[in-house]
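Student: sequence and predicted structure, then a few things I'm wondering about:
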Amino acid sequence: MNDSVLVFGASGFIGRHLALAIAATGRPVIAASRLPLQFSHRLIKNVTGNFDDPAQFLAVLAECGDVIHAASSSTP
């Protein structure tokens with residue numbers, strides 16, 4: 001079933017809060033970030049990768065019904 005939500009940018013302020021809020025509704029979340037994260041919520045799974053290489057996320061996309069892109073470049 002494709003009921004997970006993939007949240008890109010889950011290490012940022014908005015992405016982290018979105019992931020936690022979605023998980024609080026009972027929906028599984030795949031939190032994508034550049035570096036490993038730890039979430040205390042059982043419905044949040046972290047995946048890491050380079051956002052410039054979308055092929056890295058093809059496998060997790062099959063698990064997702066929705067995608068939220070909250071990632072941005074951290075350099076000017």
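Tutor: Happy to help now that I have it. Since the model is a prediction, treat every value here as computed from it, not as a measurement.

Student: pLDDT score assigned to the residue nearest to Val67 when sequence neighbours are not counted?
Tutor: Here the nearest residue to Val67 in space, its sequence neighbours aside, is Leu6; by Cβ to Cβ, 6 or more residues apart in numbering that works out to 4.6 Å. (Glycine included, C-beta is placed from N, CA and C.) Leu6 is assigned a predicted lDDT (pLDDT) of 97.

Student: can you count the residues close to Leu6?
Tutor: Leu6 sits with 21 neighbouring residues when counted by other Cβ atoms under 10 Å.

Student: likewise for Ala24?
Tutor: A count of nearby residues for Ala24, using other Cβ under 10 Å, gives 11.

Student: so what's it closest to, chain neighbours aside?
Tutor: His41 (7.5 Å).

Student: the one you found and Phe51, how far apart?
Tutor: 23 Å (Cβ to Cβ, to the nearest Å).

Student: any idea what the residue nearest in space to the middle of the chain is bridged to?
Tutor: By Cα atoms, centre = their mean, the chain has its centre lying nearest to Ala31, at 2.3 Å. Per DSSP bridges, the residues bridged to Ala31 are Val7, Asn46.

Student: test my guess that it contacts Phe39.
Tutor: Yes - under the criterion of Cβ atoms under 8 Å, Ala31 makes contact with Phe39 at 6.4 Å.
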